[in-house]
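Enquirer: Only the shape, not the letters, is given here:
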């Protein structure tokens, strides 16, 4: 504790005597200042013990003394020390009365006690208090470090709460509460999620002081405490936040403890770039081997880092920005690039994003990076293994089927989709498309990659954020015929038949559709059309003559049927 007037009075070498304000001797003394000015207030900051000899004061004028003391009290002066035996043999009664009326502590300083001795005593006490605070701060730092090493973030939070005599909470990058200490602080921490969101929008490192809920918890606990919020991380975006709730602002020792906790939590949440680069190189190598059909080698390279991921069914997610070139070769482009790459696209191994669930407005349009952050943080919180391999504009993610990572990525895609549907200013550059494979094992990595590519292509064509391969496999191929290229092919293939029918010389298109739908059965197709089967045979010969293609060729039949379905889909859409 800093020195107080009481500690000075009890200082055996100073021999100070209390003449007024005895009930306020517990007032802390920030400094000692000697001044003979009639008005020293402009030079005071508050908390000082003012020492005077009354050289220029009319100490016998009661009104003057009342005005003098009142100004000192208004300036926050801690106390007044009056030296006797210099200009006055005793403390003037007018000064003592004025101090008593205002409640200002008045100390009599004997002649044999120089002002310098009082200044030295206060200075020594302040230095000793600061030394104790620094020592306590270093001790707190050692304790926090030990708890962080032994029990992780939870142990660190408990130790910090004890150090500051309050409560603490840890949030992840999405603003979700990860842990609190003590446990009852969970409700208070949950009420600060909006404040954490606002803090996350500021460049890291950032901090803020917010008030608690004066209404308190539902169980009647006081919630009106002072809460400090600190961002965690060294990158552009925070990887989490620390909340520290106390009754008052922490002292020097508490401040040391808070800053130590911030540093330690940052170390636990922010991996070094070199470590991230090494993990990415291993992940790229594992994926390369899986795609090459070398599952045994992949398992050996994966080791403890990714080995568990290969022991159970996984899903492969393929994500990219909607603005990525749709014309590149899907089957070989990304797979070939992954097979020939090591770490990230820039070779630095820098994470695509340093926060996990980024608010869409604060993500800077990097929704692919946001997906990576979501996957990594979901893996960290659930203890699951996840393999993330950046590949140019694409990202490949391997995650356990039915696990937290796949669920978190799905929720993220749903959030992006909702935001996209509600935005009028969205552009391709800030959109996201994700394809998800069916559950697969290590030996089926190549097939899973193709499935994810197919789902990604369908997601882009349908304007959806995420499509799972099961949705493609269980659906109909007919919606895929809505592609402009397919419609153009159908129009070109059937144009000659439509032009023939337009002259009124027969209904070749309808006849062809009926014949194909009946698998070439003449009697059944003729009955559907209401014509003689010889008439239908004549029409099919005309179709062959006009198209210059044989209907006995199954490929020709397939192409004609798909062309008819494509034009039928266009007609149905136009009719709606």
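Expert: Nice, thanks for sending it over. Treat the numbers as computed from the prediction; the structure is a model and nothing was measured.
Enquirer: Report how many residues lie close to residue 448.
Expert: The tally of other residues near residue 448 (other C-beta atoms under 10 Å) stands at 26. The way it works is simple: take the backbone N, C-alpha and C, and place the C-beta from them, glycine included.
Enquirer: Quick check, pLDDT for it.
Expert: Listed pLDDT for residue 448 reads 88.
Enquirer: Equivalent analysis for residue 243, please.
Expert: Confidence for residue 243, expressed as pLDDT, is 93.
Enquirer: Is it correct that it falls within a helix?
Expert: No: counting by DSSP: H, G, I helix; E, B strand; the rest coil, residue 243 is not found in a helix; it is strand.
Enquirer: Specify the beta-bridge partners of it.
Expert: Residues in a beta bridge with residue 243, per DSSP bridges, are residue 169, residue 229.
Enquirer: what's the spacing between it and residue 210?
Expert: 9 Å (C-beta to C-beta, to the nearest Å).
Enquirer: Same check on residue 443?
Expert: 54 Å.
Enquirer: Likewise for residue 198?
Expert: 9 Å.
Enquirer: neighbour count winner among these two?
Expert: residue 210 (17 against 14).
Enquirer: Show me the strands paired with the helix or strand that one falls within, marking each as parallel or antiparallel.
Expert: Assigned by DSSP states H and E, residue 210 belongs to strand 207-211. Its sheet considered, strand 207-211 pairs with strand 226-232 (antiparallel) by DSSP bridges.
Enquirer: how far does the partner strand sit from the chain's center?
Expert: 15 Å (C-alpha atoms, centre = their mean, to the nearest Å).
Enquirer: Show me what it is in contact with.
Expert: 188, 192, 195-196, 199-200, 202, 204-212, 238-250, 258, 262, 265-266, 269-270 (C-beta atoms under 8 Å, 6 or more residues apart in numbering).
Enquirer: same thing but at 7 Å, please
Expert: Residues outside strand 226-232 that contact it (C-beta atoms under 7 Å, 6 or more residues apart in numbering) are 192, 195-196, 199-200, 204-212, 238-249, 258, 262, 265-266, 269.
Enquirer: go on, stretch 312-323?
Expert: Residues contacting stretch 312-323 (C-beta under 7 Å, 6+ apart): 368, 371, 393-401, 406, 409, 428-429, 431-437, 439-441, 448-449, 452-453, 456, 460.
Enquirer: Find the centremost residue of the protein, please.
Expert: Central residue of the chain (C-alpha atoms, centre = their mean): residue 173, 2.3 Å from the mean position.
Enquirer: Just to check, residue 240 is in contact with residue 174?
Expert: No: in this structure, residue 240 is not within contact of residue 174 by C-beta atoms under 7 Å, at 9.3 Å.
Enquirer: Of the two, which one has the most company?
Expert: For the pair residue 240 and residue 174, the greater number of neighbours falls to residue 240 (28 against 23), based on other C-beta under 10 Å.
Enquirer: What degree of burial does the residue nearest to the more buried one when sequence neighbours are not counted show, as a neighbour count?
Expert: What sits nearest to residue 240 in space, not counting adjacent residues and going by C-beta to C-beta, 6 or more residues apart in numbering, is residue 232, at 4.2 Å. Using other C-beta under 10 Å, residue 232 has 25 other residues around it.
Enquirer: next one: the one 10 residues further on
Expert: The number of residues packed around residue 242, counting by other C-beta under 10 Å, is 24.
Enquirer: Then residue 131?
Expert: 10.
Enquirer: The helix or strand hosting it vs strand 226-232, what angle?
Expert: Counting by DSSP H and E, the element that carries residue 131 is helix 115-164. For helix 115-164 against strand 226-232, the angle by axes from the mean of the first three to the mean of the last three C-alpha atoms, to 10 degrees is 70 degrees.
Enquirer: Next one: residue 149 relative to residue 276, how far apart?
Expert: Counting by C-beta to C-beta - residue 149 and residue 276 are separated by 22 Å.
Enquirer: what do you get for residue 552?
Expert: Applying C-beta to C-beta to residue 552 and residue 276 gives a distance of 61 Å.
Enquirer: Wait, the residue nearest to the centre of the chain touches residue 239, no?
Expert: Yes: if you go by C-beta under 7 Å, residue 173 and residue 239 touch, sitting 5.3 Å apart.
Enquirer: Confirm that residue 95 sits in a helix.
Expert: Yes: the assignment for residue 95 is a helix, going by three-state DSSP.
Enquirer: Return the helix or strand in the chain with minimum mean pLDDT.
Expert: helix 333-339 (a mean of 40; mean pLDDT, DSSP states H and E).
Enquirer: Identify the residues contacting the nearest residue to residue 125 once chain neighbours are set aside.
Expert: Nearest residue to residue 125, sequence neighbours excluded (C-beta to C-beta, 6+ apart): residue 3, at 3.6 Å. Contacts for residue 3 (C-beta under 7 Å, 6+ apart) come out as 29, 122, 125, 126.
Enquirer: again, only this time at 8 Å
Expert: 28, 29, 121, 122, 125, 126, 129.
Enquirer: show me what contacts the fourth one?
Expert: Taking C-beta under 8 Å, 6+ apart as the contact definition, residue 122 lies against 3, 8, 29, 31, 32, 49.
Enquirer: Please indicate which of the residues you listed has the highest neighbour count?
Expert: Neighbour max across the contacts of residue 122 (other C-beta under 10 Å) = residue 49, 25 neighbours.
Enquirer: Walk me through the domains of this structure.
Expert: 5-113, 140-269, 273-475, 480-575 (automatic domain parsing).
Enquirer: Pipe those into a markdown table and attach distance to residue 133 per row.
Expert: Listed next are the domains of the chain as a markdown table, based on distance: least, C-beta to C-beta, whole Å:
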| stretch | distance to residue 133 |
| --- | --- |
| domain 5-113 | 14 |
| domain 140-269 | 3 |
| domain 273-475 | 34 |
| domain 480-575 | 71 |
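Enquirer: rank the ones you listed by pLDDT, which is bottom?
Expert: Among those, domain 273-475 scores lowest, at a mean of 72.
Enquirer: Quick check: the residue nearest to residue 240 vs residue 268, distance?
Expert: 9 Å.
Enquirer: repeat for residue 258
Expert: From residue 258 to residue 268 the distance is 16 Å (C-beta to C-beta).
Enquirer: So if I had to pick from the two, which one is more boxed in?
Expert: residue 258 (24 against 16).
Enquirer: what's near enough to touch residue 501?
Expert: 507, 508, 509 are the contacts of residue 501 under C-beta under 8 Å, 6+ apart.
Enquirer: re earlier: between residue 243 and residue 210, what contacts are shared?
Expert: In contact with both residue 243 and residue 210: 192, 227, 229, using C-beta under 8 Å, 6+ apart.
Enquirer: and the first one, how many residues sit next to it?
Expert: I take that to be residue 192. 22.
Enquirer: Next up, the contacts around it.
Expert: 169, 210, 227, 229, 243.
Enquirer: For the residues you listed, give me TSV that also has distance to residue 302.
Expert: Below are the contacts of residue 192 laid out as TSV (distance: C-beta to C-beta, whole Å):
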residue	distance to residue 302
169	35
210	44
227	43
229	39
243	37
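Enquirer: Nothing else from me, thank you.
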